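Chemist: here are the coordinates; sequence isn't available:
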Ligand SMILES: Nc1ncnc2c1ncn2[C@@H]1O[C@H](COP(=O)(O)OP(=O)(O)OP(=O)(O)O)[C@@H](O)[C@H]1O
Ligand SMILES: O=C(O)C1=C[C@@H](O)[C@@H](O)[C@H](O)C1
Ligand SMILES: [Mg+2]
């Protein structure tokens, strides 16, 4: 993981990590505390194109990734807190763009995530049971973790602490860099 460099621009502040790590909830709170706009790329895609699960069903994952890349490019041009979809970091262009941003990785244990995985529009985790969804989540995480780690400037685990406390830690980290 690269070390913090005070000369780097602070914003956008980008939140990455696996599904249900808390990117949306924690990112929104960080933005509120920093008095910055908040952008969630999944939410933007859904507002413009309909629910993500329907995009996957209708057009397939590759089409979703094209929409996602467009949403990421647009979001990263803004001085904002930006939460990315879990797989957005797979795009090589996004990987290059994140080298210029402040990147926070949120992690979560499989035990904690299992409690968070209700049947809520995550097409890659569609499964008969919560335990099967958690197994899928773990397999996807194992594949992506090296990418997340290579892009992150700092990481916070969300398994066992309240959203507000984690958001405060992120804000303190950001303020410590400026
Ligand atoms: N620190 C936490 N402690 C307990 N529950 C949490 C915590 N952070 C997030 N959650 C809960 O986990 C669920 C997923 O959070 P959130 O939607 O923010 O995750 P995400 O990383 O944006 O997931 P997605 O893959 O859907 O984009 C929500 O129900 C949220 O309330
Ligand atoms: O991890 C992923 O690949 C995904 C995560 C979600 O945030 C959504 O972007 C979508 O369901 C795909
Ligand atoms: Mg989210």
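Modeler: Everything's here; your move. Quantities reported herein were computed from a predicted structural model and do not represent experimental measurements. Ligands and ions are numbered 1, 2, ... in the order given.

Chemist: quick check, pLDDT for residue 10.
Modeler: Residue 10 is assigned 80 on the pLDDT scale.

Chemist: so it lies in a strand, does it not?
Modeler: No. Counting by DSSP: H, G, I helix; E, B strand; the rest coil, residue 10 is not found in a strand; it is coil.

Chemist: residues touching it, list them.
Modeler: Neighbouring residues of residue 10 by Cβ atoms under 8 Å, 6 or more residues apart in numbering: 102, 174, 177-178. Bear in mind the C-beta positions are built from the backbone N, C-alpha and C, glycine included.

Chemist: strands - which of those residues land there?
Modeler: Counted as lying in strands by DSSP state E, out of the contacts of residue 10, are residue 102.

Chemist: most neighbours among the contacts of residue 10, which one?
Modeler: Most neighbours among those, by other Cβ atoms under 10 Å: residue 102, with 23 neighbours.

Chemist: which ones are touching the closest residue to it other than its chain neighbours?
Modeler: Leaving aside its sequence neighbours, residue 102 sits nearest to residue 13 (Cβ to Cβ, 6 or more residues apart in numbering; 4.8 Å). By Cβ under 8 Å, 6+ apart, residue 13 lies in contact with 30, 34, 36, 80-82, 101-102, 104, 170, 174.

Chemist: now, which of these sits nearest residue 142?
Modeler: Closest approach to residue 142 among these (Cβ to Cβ): residue 104, at 20.8 Å.

Chemist: thought residue 51 was touching residue 121?
Modeler: Yes. The pair residue 51 and residue 121 qualifies as a contact (Cβ atoms under 8 Å) at a distance of 5.9 Å.

Chemist: could you restrict the contacts of residue 13 to the ones contacting ligand 2?
Modeler: Among those, no residue sits close to ligand 2 (Cβ under 6 Å from any ligand atom).

Chemist: hmm, the least confident helix or strand in the chain by mean pLDDT in reach of ligand 3?
Modeler: Ranked by mean pLDDT, DSSP states H and E, the weakest helix or strand in the chain is helix 110-116, scoring a mean of 94. No. Helix 110-116 stays clear of ligand 3 (Cβ under 5 Å from the ion), getting no nearer than 10.9 Å.

Chemist: helices or strands next to that helix in the packing?
Modeler: Applying 3 or more Cβ pairs under 8 Å, 6 or more residues apart in numbering; DSSP states H and E, one finds that helix 110-116 contacts helix 130-151.

Chemist: please see if the helix it packs on touches ligand 1.
Modeler: No. Against ligand 1, helix 130-151 shows no contacts by Cβ under 6 Å from any ligand atom, the least distance being 9.3 Å.

Chemist: what are the ranges of the strands in the chain?
Modeler: Under DSSP E, the chain gives strands at 13-16, 38-40, 81-83, 102-107, 154-157.

Chemist: fine by me, we can end here.
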